Structures are given as C-alpha cells and as structure tokens.
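J.: Quick check, what structure comes out for this input:
(4 chains)
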Number of protein chains: 4
Amino acid sequence: MNDASWHVGGLDIATAVGHANAERIEFREHDLVDDLMGVVGYSELLLLAVTGRSPLPEHVRVADAVLVCLADHGMQPSALSARLTYFSAPDAVQGALAAGILGAGSSLLGSMEQAGRLLDTIAAVVEGGAPEDEAVRGCVSSVLSDGGKVPGFGHRLHRAGDPRAARLLRVARENNVASDEVRRLELVGQSVGDRTGRTLHVNATGAAAALLLGMGVPWQLHRGFSVASRIVGLLAHIGEEMTRPVTPAVRDALRSASWLVEDE
Amino acid sequence: MNDASWHVGGLDIATAVGHANAERIEFREHDLVDDLMGVVGYSELLLLAVTGRSPLPEHVRVADAVLVCLADHGMQPSALSARLTYFSAPDAVQGALAAGILGAGSSLLGSMEQAGRLLDTIAAVVEGGAPEDEAVRGCVSSVLSDGGKVPGFGHRLHRAGDPRAARLLRVARENNVASDEVRRLELVGQSVGDRTGRTLHVNATGAAAALLLGMGVPWQLHRGFSVASRIVGLLAHIGEEMTRPVTPAVRDALRSASWLVEDE
Amino acid sequence: MNDASWHVGGLDIATAVGHANAERIEFREHDLVDDLMGVVGYSELLLLAVTGRSPLPEHVRVADAVLVCLADHGMQPSALSARLTYFSAPDAVQGALAAGILGAGSSLLGSMEQAGRLLDTIAAVVEGGAPEDEAVRGCVSSVLSDGGKVPGFGHRLHRAGDPRAARLLRVARENNVASDEVRRLELVGQSVGDRTGRTLHVNATGAAAALLLGMGVPWQLHRGFSVASRIVGLLAHIGEEMTRPVTPAVRDALRSASWLVEDE
Amino acid sequence: MNDASWHVGGLDIATAVGHANAERIEFREHDLVDDLMGVVGYSELLLLAVTGRSPLPEHVRVADAVLVCLADHGMQPSALSARLTYFSAPDAVQGALAAGILGAGSSLLGSMEQAGRLLDTIAAVVEGGAPEDEAVRGCVSSVLSDGGKVPGFGHRLHRAGDPRAARLLRVARENNVASDEVRRLELVGQSVGDRTGRTLHVNATGAAAALLLGMGVPWQLHRGFSVASRIVGLLAHIGEEMTRPVTPAVRDALRSASWLVEDE
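T.: Now for the predicted structure:
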C-alpha cells in the first residue's frame, strides 16, 4: 500500500447522522444520552432520524398510527417466513427477523414505495404549474397505459375497504397532517374509477404513503416504516414459535399437500 | 373452505398473536384498528406484542429509553453494511435494512441475549432457594471457568463507562422497574471484580437486558429490541447514502488499503 | 393424513421441482441420491434446477465460467458487509452470507438482470419480425430516452475493458453457446457508441447475462447465478475474518475518518 | 479529521483472499481470468477459496456430492420462505434467496456445524494422545450429560436411515477421503447406541460434516456449503413461484387453518 496516495486520496467521510466517541454519542445534532434517552419515544426518534428535524407532536401521533397499522396481519407470509426461519435457526433471532422483513417488497407490505412515488410525481407536476386534477389524470394515465396497476388501492382480503386506511386518514385529518397528499390520493382513486368504472378503496399502504410524504419522509424510505412496524408482529410470532411452534405442522402439511407435476 | 376438512386434514394452527379477516384485524386480543391505531405508541405496542399484556405506563417509558439507546452509534459496522448494501441494491431498501440488522449478533448489538440469559439463570437459582449473592457467585464462576467473558460489561470505545448504561439504569430507577435484575447485574460486576481485581462497567446491552427481563421480556427476544432500535439509525444512514453516498470512498479506500499476504 | 380431505380443504400445491418422502428424494424428475449425487457437478445441477432440463456439456462449461467469474473482486462492498456481519454475529455464518448476497442488486453484482431483460426484449422484437439491427436501435433508444444507462457496459475499475467479459465471450464462442445473444449485446454497444460517440466495453455482468439467456435461463433468475458465484468469495472472506479480522481496523478508521456536517 | 493520526494509525488491511486492480483480478494466488475461468469448476473453486489450496480431483468429486446432497428437499421451510419472500418482493431475487438461506441454522440444514465441531473436538483429543474410542466416549458423554442431542444422527422424515448419508459415505470411500472422520462419526453412533440402546443412523449433515473436515474445511464454515447447495433448490423454487405461485394458496390455507387461542 502506498501511504502517500492514501493520504492524498484520503478517506474522508462526512455524515450528518451522528458520531460516537469515548464520552459522547451524538445523533442528529442531539446528545443521544442526555437529550433523547428518557425524553423522546420511538416514533419521535424515527421521524427525527429520517427527516433530520425534531417533529411536531401531531407528526408523532400520525407516525405512531402508521407504525401500529402494519404491525401484524395474522399468520401471513412475513410472519410465516420468520417463524420457519426461527425454527430452523433458533440461535439467530436477527436472521428470523431479517427473513420476515425481506418480504417488505413491491407486492406486499412495501407498496408504500410505489404509492409514495406516484404522489411525489403528482406533487412535482403541480409545483411545475399544472392544475391538480390535470396532474393527477396525467400521472394515472401514464401508469395505466404502461399496463401497470395504480398503487395504493384495493386489498385481496379487505375487499369492501381496508379498515386501517380509513382510520389512518381520520388520524391524519384530526392532526391536520398531509391534507394535500390525502386529497391527491383520493383524486387518484376517482380518476381511476372514472376511466375503469370501478370503485377503488384506498388501502393501508396507500394511506400510509400519503401521510409519510406529508410529514417529509421521502418515498424511498417508506418501506423502512413498514419494516419498523412489522418487526413488532414478527417478534410476537417468533416468541410464540419458541414455545408453541407451527413449523412442524406446516412442514407436514406442505409435504402432504404438494404433489409433482411434469413440466411440459 | 370447509373448516371440518381442515381438522380432518390436520393443519390446525393455534395462535395467540392475532388474526385478520375481511372486516377486522385482531392483535393480542385487541382490535388493531379501533383499539390500537391512534391510541397506543410504538413501544407500548411492542411490549404488548412480546408479553401478551398491556404494559404499565412506567414500562412504556423504560422501553422507549431502551429503544432510543441502541438506535445509532455513528458510522459503525451495521450502519456501513446497510449503506454498502443500499448502494449496491437501491431497488430494495428492505435488503439494506436486513443486512444491517443481521449484525445484531453475539458480539455486537445482540449481546443483550447473553446478559439476559445470565440474569435469567441467576433468577432461577434464587427461586430455587439459594441466597442471591451465592447464586451470583456461582453463575459467574461457571461462566469464567468455561473461559467465557461475562456478558453485559465493558465497551471497546466507552472505556471509562458507557454513558448509555448509566442513563438506562437511572430511567429504570425513576420508574421503579427491574430493581431485582439491576441489583443482580451490579452484583455480577462486583463478583467479577472480586475475582479479577478489575473494575467492570455495566454497558448498554447489559443494562438493557436487565430492564427488559424486569418487564417480562424473555431473553431469547432481547435481540429483537436491538433490531427495532437499530432500524432507526439504519434508516437515517440509508437516507443519507441516497443523497451523499460514502460507498465510493470506502471502496476506493479499501482497494488502496488492502494488500495481499501469502498464506503460509 | 387423509389426501381426500386436503383436496376438499383446498391446499393443493403442484410443483415440478421435487419431492421428498421417507425413502426417496426426487429433484427435477431425477432421484437425487441415485442419479445425481456422485454423478453431476454443481453447475450441471444448477442448470438442471433452473431450466428443468439436463444441460449439454458445453452449457456446463459455460456455466462454470460464469460461476467462477463473479466469485470475488477483492475487499469490496459485499465482502466487507459479510465480514462486518460475521464479526458482529459469529454465531450465524448464514447471516453473514445473507448480508453479503443482499448486495446483488441493480447497481453492483446483480446488473445481469437489467442486461438480460434488455436482450430478452430485443429477442422478442426480433421474433415479432423486425430486423435485428432495427430491434437493437429501438430498444437502445428507448432506454436512453428514458434517461437510463444501458446495462452491461462499462466498469468503474476496469476502464480499458473488463478482462472477465472478454474471457466469458471466448468461452462461449469455443463452446458455441449464445451466439445470437452475444451478437446482439455487441450490437447494443455499437448502437450506443453511434449515438454518443463513446466506445463502450462489455462488462462481466453484461456478458454473463448474454450467456445465461443463451442457455435458457430467464433474466429474472440471473441474479441467482451472481449469488451462487459470490458465495464462494464470501466464504473465503468469512474464513479469513475468523482468524485475521479486518473489522476492528475498519471500525477505527471509520470512526476517525467520519466527521459531522450540519444539514442545511 | 486529523490526517496525521490517520496516517499513523493507518488503514492497513492484509488479506490472502485476493485483490483486483484495473487490469487483473487475483484470487487465492491465481489469476481469476487466465487461470480459473474456463479451467476450474464451481466445487473446485469453492475448495480453493475455503482451504487456500488447489484441491485434489478426489476432493472435488466429494465436494460435488456434498453440494448436490442438500440442494433440495421438496417444499420445505427454506423453499417456502424463499417463495413467500419472492412473491412479496419480486423486485429483489437476492432477498428471496437470503430469506431461504437464513434457515441454515442449528436445527435444519446448518447442523453440519455442530457435527463438525464434535468431530473436531474428538480429533483434538486424539491428537493429544488419547485412544480414539476413549476420546469418542468422552466427547459423547459430555454432550449427553449437558442434556444435548448428539448432532449428525437421525432424521424426522428418513426414519429408517437417510439415503443421502449412505451415498455420501460411499462416495467418500470410493475417493479415499475422510476415512478417519467417517470412522469416528460411526464410533459416535455406536457409543450413543451403547448408552441409550437405540440404533442411530448417520444423517446427511453428519456425513457431510465428516467429509468436509476430512478435506480441510473448518467446521465454522460448514454451513457455507449448505448455503451454496441450497441456493440451487431455492432458485428452482423461485423460478417456479414466478410462473406458478404457491403463495396465494398457502396464504388462504393459513388464514383458514389458524384460529385464535387465549393466552392463559
């Protein structure tokens, strides 16, 4: 190794997140120990972490509702992946949690990302001077003509409407948060309905995306809120798998229920 | 689906975590939408998830302190893993978060597990009728004679004492939580000191383990609190990597700084 | 278990991958123990797994070259993530490997996916009756006009040409594999060059994508070959981290090299 | 940041794994492009990676048998985790593979680690001068008196004997590999049988551990071979989930089959 080039090239890492030295841990310009521990709650810290600013109390209430919302949905894919992984590798709880959160993707649990991006695009068009309804119609057209599904609407199980979405929107309204984003989300639903004749219901991830955007969380980080939320449910499932495992029954059922087909 | 046939077929999955149907999502015997969303905060939900009981307000305050405590420690292994992974795979934030939390293991971030297990063993010996100081000495001996390191003490960076630990213990005291567990943890430190002549400082994961045990969280799930906590810091780092990446500088530095040795 | 009840209950999982019962393990219509163990090598099995057909010997040779190609690239992001994770969680090698492979994304290591998709689109246009050069030009235009980067070309380190790509293309030629896909990949490079005036060099993931497509591996699974390949290098790094860790030096360097900036 | 201290402290990373610069990629003292690509197969590369030495042809044949052995076992936990994760996050194949391999733990798929450690301990006792049968009896006693299960024996499904184990042992014998380790493994089985009166059958992970140890692979890396092997089956399952998903049926079945119990 050439020391000189190392010096010239220099590893020089600027960060606004935080720093720790022997006496002190700084996080987002606060002393973690003196200013944050025992003072702020989890949701407040998370908003501070992601936006870089101390959040308003209304924002904390809305973030809490979002984080409660996606915590669990019964014995579903992410819960089952975590339980199966924990059963196989009980020596590594972190691995079971990781297996569970890896399911926060574009189809389930992580679709806030697509809804958030859509609302972000609409906001950019509006800021560029377009009337809101036109911006919405344009963005919806663009999604539909690419053959895509408009994100943030509909739910396989909650066909008559996702009760979590209605509740999230009410919490936002009561706290006067994200009114622009929520109105645009509803316009998106109407616009799709106008084109397709179907009534669309906002779902939990669509509503969550609108609320998070309204609090300044960039859509690229929305899945992080799903992950933080789902950790709660996963940990409950892992705790239960420890004492009353479902994996043996699932293994046997899968073995019995699966049968071979030939590929043509 | 015909319930009867399931029971005949034999897949029969009992869970006390929760359930979702078209109208309703139940979580730990509460209606997620009506009773929890907009009502409880993240830490309250997490304690409910893990213990199955609605926590006392004092417990929520202590859990919040634990969850704030481990959120970030500067540009360290878990943060760097998440940032490197995000840079390589920006299409999958969930993967970057997973890479970060996979570092919650026995050496860093996850060592609450070992400290919690030790305190749990001591508690069992005490419940079996042994005097507390004897129980502590016996368990410490057993760890040391296996050549092990007593978990929950000392920190590579915070050599003069981990400021997070002191703060956690104060929050616990003020809320009258985990006094047995904290006293035993301190007895462990004294017992090791008596044998080795060194002064040991409780570290953040040791203190957190005592507090969590005192609130009824089994040690096998303690790493889950590290994971929930660290998600906060990881998301801040990922957000920064998005706009001001460190990966290119780290790659170049690693390439320049690494040189080949021959294996003998 | 009563088979009939399953079918009534409705869990009915057809698979062409394989099945295991008490005596026998079947994989892709072969007896794993009698027909595959001791008979086929890893790369042959992987092609069989993914395509459902026993591969030609030429295909096995090409697959081996692809799997060797991406195994390691020095102390780079995926290797470092695995090493940092192993140091933090030495109790879970599987987690360190997972942290390493989570970096097989759209930017590094996983970009075979984008190159494969582009070549697949070109093939579809050609099959639809368009002349090949027109198909290539059209697809390239479409990528560039969306503001995208044409995948499969250029490398941050190997600026004068990626030696792995040249070697892969030679192995393919010698084995008479993927000639259509390779020709189209080269046409893509020329087409971009014609539009931008720059000379583009095929990189390792671009060449690998062409070869895998030519052997019938769908582009959606290309990253799986990166992952299988990189497991090799990661395991070498983890083995070294066990006995001669770099994490302590990297931690200290990061701590010293990182400094705080204020967010404006 | 103080440049001087950085220089003095120096990031100085010695590695025997490999290095890449603009023209050349070195891996374990070989030129990756000229000496390895198109020359060696996957299993040969993996042994080279892990042991640092070019393996004998016999070792390559045995490694291939090990890597084929654990590739798939039907629709089981790791396959299902990968499929559920892929269905939820089809944008990130690497995440689905990671979810699958995180199940290579102490209970399933990763138990080579415990068997390998046991055989390694026995070898150390023998090298210390003890007669082999005594060493075996001592180590078995120590496991059983700690209440543990002797690793490497028995299988939930293959109760009359694991056909993969018999095959692995035959391949090893034919290639004259790991005869000491295999003999000791069989002695372990006899010793347990003598104490408990039960006949134990070596299982696939027990046999694989013996073979890998005999080829110089340290037990701490054995799970890496499980992971490399299982990647093959997981990729077949993911490919099938893409075109013929099982997740919807599994979700519905889980929802119907799970019912709530009250925690007492």
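J.: any low-confidence regions in chain A?
T.: Applying pLDDT under 70 to chain A picks out residues A:1-10, A:262-264.
J.: List, one by one, the residues from it near chain C.
T.: Contacts of chain A with chain C, taken as C-beta under 8 Å from any C-beta of the partner chain, map to A:11-16, A:18-21, A:26, A:29, A:52, A:89, A:91-92, A:94-95, A:98, A:252-263. For every residue, glycine as well, the C-beta is placed using N, CA and C.
J.: Just the buried subset of these, please.
T.: Neighbour counting by 16 or more other C-beta atoms under 10 Å in any protein chain shown classes A:11, A:13, A:15-16, A:18-20, A:26, A:52, A:89, A:91-92, A:94-95, A:98, A:253-258 among the residues of chain A next to chain C as buried.
J.: Okay, and which of the residues you listed map to strands?
T.: Those of these mapping onto strands are A:13, A:15, A:18-20, A:26, A:258, per DSSP state E.
J.: can you name the two of those residues that are farthest apart?
T.: Spanning the widest gap among those are A:Glu26 and A:Ser258, at 53.6 Å by C-beta to C-beta.
J.: List the residues that contact A:Ser78.
T.: Applying C-beta atoms under 8 Å, 6 or more residues apart in numbering or on different chains to A:Ser78 gives the contacts A:100-101, A:103-104, A:108-109, A:230, A:233-234, D:84, D:88.
J.: same thing but 10 Å
T.: For A:Ser78, the residues meeting the contact criterion (C-beta atoms under 10 Å, 6 or more residues apart in numbering or on different chains) are A:70, A:72, A:97, A:99-105, A:108-109, A:226-227, A:230, A:233-234, A:237, D:81, D:84-85, D:88, D:99.
J.: The residues you listed: which ones sit near chain B?
T.: A:70, A:72, A:97, A:99-105, A:109, A:226-227, A:230, A:233-234, A:237, D:85, D:88, D:99 (C-beta under 10 Å from any C-beta of the partner chain).
J.: Distance check, A:Arg24 against C:Ala253.
T.: 20 Å (C-beta to C-beta, to the nearest Å).
J.: can you check A:Ala92 too?
T.: 28 Å.
J.: got a list of what A:Ala209 touches?
T.: So A:Ala209 contacts A:66, A:111-120, A:151-152, A:178, A:181, A:185, A:202-203, A:217, A:219, A:222, A:225 (C-beta under 10 Å, 6+ apart).
J.: Now the buried members of the residues you listed.
T.: For those, buried by 16+ other C-beta under 10 Å: A:66, A:111-120, A:151-152, A:178, A:181, A:185, A:202-203, A:217, A:219, A:222, A:225.
J.: From the contacts of A:Ser78, which land in helices?
T.: When helices are assigned by DSSP state H, the members of the contacts of A:Ser78 inside them are A:97, A:99-101, A:226-227, A:230, A:233-234, A:237, D:81, D:84-85, D:88, D:99.
J.: Go through those residues and name the one nearest A:Ala130.
T.: Taking those together and measuring to A:Ala130 by C-beta to C-beta, the closest member is A:Ser226, at 30.5 Å.
J.: shouldn't the closest one be in contact with A:Thr205?
T.: Yes - contact criterion C-beta atoms under 10 Å: A:Ser226 and A:Thr205 qualify, at 7.5 Å.
J.: who touches both of those two?
T.: A:66, A:69-70, A:108-113.
J.: From those, list the ones also adjacent to chain D.
T.: A:108-111, A:113.
J.: any idea whether A:Gly129 is helix, strand or coil?
T.: With DSSP: H, G, I helix; E, B strand; the rest coil as the basis, A:Gly129 sits in coil.
J.: show me the contacts for it.
T.: A:Ala135.
J.: what separates it from C:Gly147, distance-wise?
T.: Applying C-beta to C-beta to A:Gly129 and C:Gly147 gives a distance of 22 Å.
J.: mind listing the strands in the stretch 51-200 of chain A by residue range?
T.: In the stretch 51-200 of chain A, no strands are defined using DSSP state E, counting those that start in this stretch.
J.: If I follow the layout properly, A:Ala135 ends up in contact with A:Asp180?
T.: No - using C-beta under 10 Å, A:Ala135 is not in contact with A:Asp180; the gap is 11.7 Å.
J.: Comparing these two, which residue is more hemmed in?
T.: A:Ala135 (21 against 15; other C-beta atoms under 10 Å in any protein chain shown).
J.: The more buried one: what's it in contact with?
T.: With C-beta under 10 Å, 6+ apart, A:Ala135 has these contacts: A:121-129, A:184, A:187.
J.: what about A:Met242, helix or strand, and which?
T.: helix A:222-243 (DSSP states H and E).
J.: Just the buried positions in that helix, please.
T.: For helix A:222-243, using 16+ other C-beta under 10 Å, the buried residues are A:222-242.
J.: Same check on stretch A:19-38?
T.: Buried-residue list, stretch A:19-38, by 16+ other C-beta under 10 Å: A:19-20, A:25-28, A:30, A:32-33, A:36-38.
J.: Check stretch A:212-221 too.
T.: Buried residues in stretch A:212-221 (16+ other C-beta under 10 Å): A:212-215, A:217-221.
J.: Many thanks, I have nothing further to ask.
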